[in-house]
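In: Need the 3D shape of this:
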Amino acid sequence: METFLKHTLIQILLTFELRSMLCEKNCFIRNGIKPVFKTRIGGHVFITVPVFSEFHCLDFCLRNRNCRSFNVIHKEDQRKKLCELSSIGWDEAKSGDVYKYPNANFYDIGSDEITQVS
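Out: I've put the predicted structure just below:
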């Protein structure tokens, strides 16, 4: 039984990775999640975890009731990413909370309006 669970978990994680490679930004937009590329929200991050992909980070966010948005930070090794869960969304962010960050993408899971950071 334990071996079956390990294989199932591996299949799920591979599916997440494959989706993120094939889908890119349009999958998030179609599902109501608003991406802002090369942007990061700070000051309200309450969990940072290593992840495989944006979908993996989204899963962490959706499982945490305090999560309103998340950052995915791409490391030099493209297989390594950091997921930062944030307690505020785009509509609650102050000007000092949002900034350009070339190796990160911000994803809001609840706001209706998002504009690019200049």
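In: When you work out contacts or count neighbours from here on, use the C-alpha atoms and nothing else.
Out: Will do.
In: show me where pLDDT drops low in the protein?
Out: 1-32, 111-118 (pLDDT under 70).
In: Can you show me the helices along it?
Out: Using DSSP state H, the helices found in the chain span residues 2-23, 25-30, 54-62.
In: What is the neighbour count of the spatially closest residue to His44 that is not a sequence neighbour?
Out: Spatially, and ignoring its direct neighbours in sequence, His44 is nearest to Ser86 (5.3 Å; C-alpha to C-alpha, 6 or more residues apart in numbering). By other C-alpha atoms under 10 Å, the residues close to Ser86 number 23.
In: Could you do Arg79 as well?
Out: 11.
In: ok, so what distance separates the closest residue to it other than its chain neighbours from Gly110?
Out: Excluding the flanking residues, the one nearest Arg79 by C-alpha to C-alpha, 6+ apart is Phe52, at 6.5 Å. Phe52 is 23 Å from Gly110, where distance means C-alpha to C-alpha, to the nearest Å.
In: So between those two, which is more surrounded?
Out: Phe52 (19 against 16).
In: hmm, back to that, do you know how far the residue nearest to His44 is from Ser69?
Out: From Ser86 to Ser69 the distance is 5 Å (C-alpha to C-alpha).
In: again with Phe52
Out: 18 Å.
In: what do you get for Ile47?
Out: 11 Å.
In: Any chance you could list residues touching both of those two?
Out: Common neighbours of Ile47 and Ser69, using C-alpha atoms under 8 Å, 6 or more residues apart in numbering, are Leu85, Ser86.
In: Compare the two (neighbour count), which wins?
Out: Ser69 (27 against 15).
In: Can you name the residues that contact the more buried one?
Out: Cys61, Leu85, Ser86, Ser87, Ile88, Gly89, Trp90, Phe106, Tyr107, Asp108, Ile109, Gly110.
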